[in-house]
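K.L.:
quick one, fold the following:
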Amino acid sequence: MKLLAIDTSTEQASVALMNGKAITRLEQPAQRHHAQFILPMVDQLLVDAGLSLSQCDGIVFGRGPGSFTGLRIACSVAKGLAYAQDLPVYPVSTLAAIAAELLIQPNQKAAVLAMIDARMNQVYWACYTHIDDVTEERVSAIADIVIEHNSPLILAGVNYEIYRAELPAHLEARVVAEHRIFPDTVSMLNLVVNGKIAPVTAADALPVYIRNQITQGESRG
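P.N.:
Numbers count the residues shown, from 1 in each chain. The predicted structure follows:
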C-alpha cells in the first residue's frame, strides 16, 4: 500500500509516507507553526519518494484526543488531500497509536495506560491490554483514573508527567515501566496496514475531542 499519515495532536507534528514496505517520516516540534509546515512536509515526502498524491491509496490522520487546534489542522489537511484525489481516510486514535508502539513488542504482558496532557489538571487516557482492544477514551484528573483489571501497567504518553505524583497508590504499585511516547504516524500506518482501522470518506472524517467545549486553557494547545 501507499499511505500518507499526518498527526498534529501534540507539540510534535509527524508526517509519514508508506510506499510498499518502505516508510519515511518527518517531524516538526514547533506546535504554533504546525499549520505552516505540515503541507510542505507532505510535499517533501512525496517528492523524495517520487510519488504523486494520486498514487496514494489513502490518507491517515491522528483524530485525537489532543490539542484542539492541532486536531483541526490534521483533520482539515487530511480531508483536503483526500477530497482532491477521492481517497479514503483512516482516522486513528492518538492514544491507540501511543499504546501500539509498546503492544507490538513480543512477550508484552503488561497493559499500557496511554495518556496525553489535556490541560486544566487533567489527562486524556485509555488503557490497552492488547493491540486489538477497543477501549473507552476518557478525560479526567490522573487521580481519578480507574482501571478495572489487575494487570501490571506501563505508563506511556506525553506531558502527563506534570500530574504524575497524583496517580493513585493502588495503580502506582502496578507500574512496571514508563515511556515518553508521542502519537507517531508510523504507528498509525502500522495500525491501518494491519487492518485495525476502518476507512471513512473524507466527508465523514472528524476529529475526536472528548471534551464538548473548547475552554480557554485548551485553546492554547
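
K.L.:
just checking, what packs against the helix or strand encompassing residue 90?
P.N.:
Assessed by DSSP states H and E, residue 90 sits inside strand 89-93. Applying 3 or more CB pairs under 8 Å, 6 or more residues apart in numbering; DSSP states H and E, we find strand 89-93 packed against strand 58-64, helix 68-85, helix 185-193. All C-beta spots, glycine's among them, are computed from the backbone N, C-alpha and C.

K.L.:
same list, these, but as a markdown table with mean pLDDT and mean neighbour count please.
P.N.:
As requested, those are exported to a markdown table (pLDDT from 0 to 100; neighbours: other CB atoms under 10 Å):
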| stretch | mean pLDDT | mean neighbour count |
| --- | --- | --- |
| strand 58-64 | 98 | 28 |
| helix 68-85 | 95 | 20 |
| helix 185-193 | 96 | 23 |
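
K.L.:
which one of these lies closest to residue 142?
P.N.:
For residue 142, the closest of the helices and strands packed on strand 89-93 is strand 58-64, at 18.8 Å, according to CB to CB.

K.L.:
who does that closest one pair up with?
P.N.:
Note on strand 58-64: by DSSP bridges, its sheet partners are strand 2-7 (parallel), strand 89-93 (parallel).

K.L.:
what residue spans form the domains of the protein?
P.N.:
Listed domain ranges for the chain are 2-93+183-220, 95-180 (source: automatic domain parsing).

K.L.:
worst average pLDDT in those?
P.N.:
In terms of average pLDDT, domain 2-93+183-220 trails the rest of the domains of the chain, at a mean of 91.

K.L.:
and the following helix or strand past the strand holding residue 90 with strand 58-64, angle?
P.N.:
The helix or strand immediately downstream of strand 89-93 is helix 94-103, counting by DSSP H and E. Using axes from the mean of the first three to the mean of the last three CA atoms, to 10 degrees, the inter-axis angle of helix 94-103 relative to strand 58-64 is 100 degrees.

K.L.:
what's helix 94-103 packed up against?
P.N.:
strand 58-64, strand 111-119, strand 122-128, strand 153-158, helix 185-193.

K.L.:
need these in JSON lines (columns: distance to residue 14).
P.N.:
Formatted as JSON lines, the helices and strands packed on helix 94-103 follow (distance: least, CB to CB, whole Å):
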{"stretch": "strand 58-64", "distance to residue 14": "8"}
{"stretch": "strand 111-119", "distance to residue 14": "14"}
{"stretch": "strand 122-128", "distance to residue 14": "18"}
{"stretch": "strand 153-158", "distance to residue 14": "12"}
{"stretch": "helix 185-193", "distance to residue 14": "4"}
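
K.L.:
so for residue 206, which of these sits nearest?
P.N.:
Closest approach to residue 206 among those is made by strand 58-64 (7.2 Å; CB to CB).

K.L.:
adding distance to residue 18, write the helices and strands packed on strand 89-93 out as a markdown table.
P.N.:
As requested, the helices and strands packed on strand 89-93 are arranged in a markdown table below (distance: least, CB to CB, whole Å):
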| stretch | distance to residue 18 |
| --- | --- |
| strand 58-64 | 9 |
| helix 68-85 | 15 |
| helix 185-193 | 5 |
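
K.L.:
for the closest residue to residue 130 other than its chain neighbours, give me its contacts.
P.N.:
Spatial nearest neighbour of residue 130, excluding adjacent residues (CB to CB, 6 or more residues apart in numbering): residue 103 at 6.6 Å. For residue 103, the contact set (CB atoms under 8 Å, 6 or more residues apart in numbering) comprises 112, 128, 130, 131.
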